[in-house]
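Asks: Have a look; sequence and predicted model below, questions after that.
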Amino acid sequence: MYKSWWLAIQRLNDILRSNVLFAGAGASRLKIKVYMLVPLYFVLWMGSLTAGRLFFFAVSSGLSQALGVDEATVQAFRKIMVCAIQVVLFSLWIVLIEKRPLKSAGLHAVKPLKAYWTGVLIGFCAISAVTAILLGMDMVQVEASHLASITPLAAVIALGWIVQSAAEEVAVRGWLIPVLAKESSPAFAILLSSVIFGFFHLFSAGVTVLSFTNLILSGVFFAGYAILTKHIWGVCGMHFAWNVTLGNVYGFPVSGFPDNGQSLVKLSQTGPVMFTGGAFGPEGGAVTTLVLLLGIIIVIKLWHKQQALPDSTN
């Protein structure tokens, strides 16, 4: 039995290695042992995060007083600047250090905008499904509607989520997973990167075993969708919509962060924490677990159909 499972995993790894998403890392001229890749990722991520925060501090000193903008606006621009620096520094690492084209990091889609907006639709539908189930179970209630009070700051907030999701996807699905797979195996890379994805949220408010499990499942779901589409454009859109729908459409906490700026409506969680996620937000609840598992099953079925096509290029 164990031998058959091992052979199945090996077969899966062989197929995934030929996927364009994984094959791109093969162009890297940098050879790094697998045990050094995770520390390198932490150095790149934390280093770029620190550089982004220092840059923001340098250009924003006195911004709220000088321009007369409120703290919410300052924080929205902070997210844009910090995450943009992260995208730039990861891109420079790929191009200048690894000496490979930037598009090899999952950015080679034929129709990137279409792929992005498809991902946006999927992310919106996933969180809306979670919200609809919670409403149907009477575990959340509409506290207020803010449709009439939305200001242009909403566009800045949305841009912040766009850049933030791009930073995480370039770093994890675009860089970390392919380089890990190159030195080990795709299955190991997906699992380890998903655990790391969850680890970065361990210090958020309301973290539980279930919320950590859901973060790992979301990492697997996002990775699976990137493999299915063979690029990260779609998963960038999905990640963006996931966050903005949670925080700025329905007014929920996003991964333990309650204050995410303006929202179209404000929903309050009234049901058990096991289902609603409590302070962590719906991402930490059992309803999200079910939606993620369903999403993973759908992605796997679509991938199997894709492999069955005569002209499939993996």
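Replies: All right, it came through fine.

Asks: only C-alpha atoms for contact and neighbour calcs from this point on.
Replies: OK.

Asks: What ranges does the stretch 51-200 of the chain have for its strands?
Replies: 140-145 (DSSP state E, counting those that start in this stretch).

Asks: So, low pLDDT: which residues of it?
Replies: Where the stretch 51-200 of the chain drops to pLDDT under 70, the residues are 61-72, 148.

Asks: Mind doing that once more with 90?
Replies: Regions of the stretch 51-200 of the chain meeting the criterion pLDDT under 90 cover residues 55-78, 109-110, 142-157, 183-184, 197-200.

Asks: Helices of that one, start to end?
Replies: Counting by DSSP state H, counting those that start in this stretch, one finds helices in the stretch 51-200 of the chain at the ranges 63-67, 71-92, 112-136, 153-169, 177-183, 186-199.

Asks: now for these, which one comes closest to residue 31?
Replies: helix 177-183 (8.7 Å; C-alpha to C-alpha).

Asks: residues of the helix or strand hosting residue 299 that come out buried?
Replies: Using DSSP states H and E, residue 299 maps to helix 286-308. Going by neighbour count (16 or more other C-alpha atoms under 10 Å), the buried part of helix 286-308 is 286-289, 291-293, 295-296, 299-300, 303.

Asks: Then stretch 259-279?
Replies: Using 16+ other C-alpha under 10 Å as the test for burial, stretch 259-279 gives 260-269, 271, 273, 275-279.

Asks: Just want the most central residue of this protein.
Replies: With distances taken as C-alpha atoms, centre = their mean, residue 239 lies nearest the centre of the chain, 4.5 Å away.

Asks: show me what contacts that one?
Replies: Neighbouring residues of residue 239 by C-alpha atoms under 8 Å, 6 or more residues apart in numbering: 119-120, 123, 165, 222.

Asks: in the stretch 201-314 of the chain, which spans are strands?
Replies: Under the criterion DSSP E, counting those that start in this stretch, the stretch 201-314 of the chain carries strands at the ranges 265-269.

Asks: Okay, now the unreliable bits of it?
Replies: 201-206, 256-264, 266, 268, 306-314.

Asks: sorry, back to before: helices or strands next to the helix holding residue 299 in the packing?
Replies: Taking 3 or more C-alpha pairs under 8 Å, 6 or more residues apart in numbering; DSSP states H and E as contact, the helices and strands that helix 286-308 lies on are helix 112-136, helix 209-229, helix 273-276.

Asks: can you dump the C-alpha coordinates of the shortest one into PDB?
Replies: So the one you mean is helix 273-276. Below are the C-alpha coordinates for helix 273-276, written out as PDB (Å, rounded to 0.1, in the frame of the first residue of the first chain):
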ATOM      1  CA  VAL A 273     -16.100  31.100  17.100                       C
ATOM      2  CA  MET A 274     -15.600  27.600  15.600                       C
ATOM      3  CA  PHE A 275     -17.800  28.600  12.700                       C
ATOM      4  CA  THR A 276     -17.300  32.400  12.500                       C
END
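
Asks: Just the residues contacting it, thanks.
Replies: Under the contact criterion C-alpha under 8 Å, 6+ apart, helix 273-276 has outside partners 134, 139-140, 210, 269-270, 282, 284-287.

Asks: do the same with the first one
Replies: Contact with helix 112-136 is made by 109, 140-141, 233-242, 245-246, 275-276, 282, 287-288, 291, as judged by C-alpha under 8 Å, 6+ apart.

Asks: Any of the residues you listed buried? List them.
Replies: 109, 140, 233-242, 245-246, 275-276, 282, 287-288, 291.

Asks: Count the neighbours of residue 27 for me.
Replies: Residues lying near residue 27 (other C-alpha atoms under 10 Å) number 12.

Asks: Tell me how far it lies from residue 182.
Replies: Residue 27 sits at a distance of 10 Å from residue 182 (criterion: C-alpha to C-alpha, to the nearest Å).

Asks: what's the answer for residue 156, then?
Replies: Between residue 156 and residue 182 the computed distance is 38 Å (C-alpha to C-alpha).

Asks: Residue 285: what's it in contact with?
Replies: For residue 285, the contact set (C-alpha under 8 Å, 6+ apart) comprises 210-211, 214, 273-278.

Asks: And residue 183, by the same measure?
Replies: Residue 183 makes contact with 32-34, according to C-alpha under 8 Å, 6+ apart.

Asks: roughly how far apart are the residue nearest to residue 139 when sequence neighbours are not counted and residue 259?
Replies: Of all residues not flanking residue 139 in the chain, residue 271 sits nearest, at 4.0 Å (C-alpha to C-alpha, 6 or more residues apart in numbering). Distance from residue 271 to residue 259, counting by C-alpha to C-alpha: 20 Å.

Asks: Also residue 124?
Replies: Counting by C-alpha to C-alpha, the gap from residue 124 to residue 259 is 20 Å.

Asks: again with residue 190
Replies: Distance, residue 190 to residue 259, using C-alpha to C-alpha: 31 Å.

Asks: Burial check on residue 19, number of neighbours?
Replies: Close neighbours of residue 19, defined as other C-alpha under 10 Å, add up to 18.
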